[in-house]
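Enquirer: Give me a model of this one.
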Amino acid sequence: MSEKTQVTPYADKDVSKKGQVTSMFDKIAPYYDNLNRVLSLGIDVLWRKKAIKLLQKESPKSILDIATGTADLAIEAAKVIRPERIVGMDISANMLKIGDEKIIKKGLDKIISLEIGDSENLKYDTGSFDAVMAAFGVRNFENLEKGLAEMHRVLRPGGTIMVLEFSKPRHFPLKQLFNTYFKYILPVIGKVRSKDEKAYKYLYESVQVFPDYEDFTSILSKLGFTQTSYKVLSAGICTIYLAKK
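Expert: Numbers count the residues shown, from 1 in each chain. Below you'll find the predicted structure:
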């Protein structure tokens, strides 16, 4: 993603996008899960379930969950896929703290481990995982191609990448409704609930510049992924991307 199209949560030219994203998620972490349920009307839970159902077909034994946040995707994968291990990685320590509490409460701490880390500079060996997944995280990469290339690197040959991400509805009237809700209503709710209007304004702006649908699968192909495909959810509000190494 070029600097021209890159958007950041805050207007601070002295702090990188990565630094701003870290600060944003650390700040909104206590409100993140509840806000997601409210802002998506609970549909985000169904999106994760559908994404994991698709990944389940590959029967991965080891999974890396990039930008795991509070570990919702990792927890769903542990319950449905039942792999031997899941490593959830995120740049925000405050998000991981909440994720750890949820994992322990659900008795999944022997399967899921959470670690702080940088998605664009993964510390894991090449070919370490059967599957690498991310939900609503790749949009926040400072350098999208570098982050995706790292996901490709740590996959074993034949492994699967699964990305769940917001996309832009293409058709009337949902396109217009989506833009109105995300641009005007969502930041107001976010400000009231989390005291950070800019974080939810950034959500709208980051979705607008994100390369979705064929543009995203083209990037995956360019980076060496094969068998790329996507599945549109909720008439284009969200999309699941799948590819192989």
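
Enquirer: tell me the mean pLDDT over stretch 185-200?
Expert: This predicted structure assigns stretch 185-200 an average pLDDT of 73.

Enquirer: Oops, could you answer that again for stretch 207-216 instead?
Expert: Predicted confidence along stretch 207-216 averages 95 (mean pLDDT).

Enquirer: Name the residues that touch it?
Expert: By Cβ atoms under 8 Å, 6 or more residues apart in numbering, the list of residues contacting stretch 207-216 from outside reads 1, 5-7, 139, 144, 163, 165-168, 182, 218-219, 230, 232, 239, 241. Quick note: C-beta positions are derived from backbone N, CA and C, even for glycine.

Enquirer: Which members of the residues you listed are classed as buried?
Expert: Buried residues within those, counting neighbours by 16 or more other Cβ atoms under 10 Å: 1, 7, 139, 144, 163, 165-168, 182, 219, 230, 239, 241.

Enquirer: Including secondary structure, could the residues you listed go into JSON lines?
Expert: Formatted as JSON lines, these follow (DSSP: H, G, I helix; E, B strand; the rest coil):
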{"residue": "Met1", "secondary structure": "coil"}
{"residue": "Val7", "secondary structure": "coil"}
{"residue": "Arg139", "secondary structure": "helix"}
{"residue": "Leu144", "secondary structure": "helix"}
{"residue": "Val163", "secondary structure": "strand"}
{"residue": "Glu165", "secondary structure": "strand"}
{"residue": "Phe166", "secondary structure": "strand"}
{"residue": "Ser167", "secondary structure": "coil"}
{"residue": "Lys168", "secondary structure": "coil"}
{"residue": "Phe182", "secondary structure": "helix"}
{"residue": "Ile219", "secondary structure": "helix"}
{"residue": "Tyr230", "secondary structure": "strand"}
{"residue": "Thr239", "secondary structure": "strand"}
{"residue": "Tyr241", "secondary structure": "strand"}
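
Enquirer: residue ranges of the helices in this structure, please?
Expert: For the chain, helices defined by DSSP state H occupy the ranges 17-39, 43-56, 72-80, 93-105, 144-154, 174-180, 186-194, 197-209, 214-222.

Enquirer: pLDDT-wise, which helix or strand of the protein ranks last?
Expert: Confidence across the helices and strands of the chain bottoms out at helix 186-194, with a mean of 72, counting by mean pLDDT, DSSP states H and E.

Enquirer: Any stretches of the chain with poor pLDDT?
Expert: Scanning the chain for pLDDT under 70 picks out the ranges 1-5, 39, 190, 193-194.

Enquirer: Could you rerun that using 80?
Expert: Residues of the chain that meet the criterion pLDDT under 80 lie in 1-6, 11, 35-36, 38-41, 172, 174-175, 178, 181-182, 185-200.

Enquirer: What are the buried residues along stretch 213-226?
Expert: For stretch 213-226, burial by neighbour count (16+ other Cβ under 10 Å) applies to Phe216, Thr217, Ile219, Leu220, Leu223, Phe225.

Enquirer: contacting residues around the last one?
Expert: If a contact means Cβ under 8 Å, 6+ apart, then Phe225 has His152, Ile161, Ala243, Lys244, Lys245 as its contacts.

Enquirer: Need those in TSV (columns: distance to Ser113 and neighbour count).
Expert: Compiled in TSV, the contacts of Phe225 are given as follows (distance: Cβ to Cβ, whole Å; neighbours: other Cβ atoms under 10 Å):
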residue	distance to Ser113	neighbour count
His152	22	18
Ile161	20	26
Ala243	25	25
Lys244	25	16
Lys245	23	20
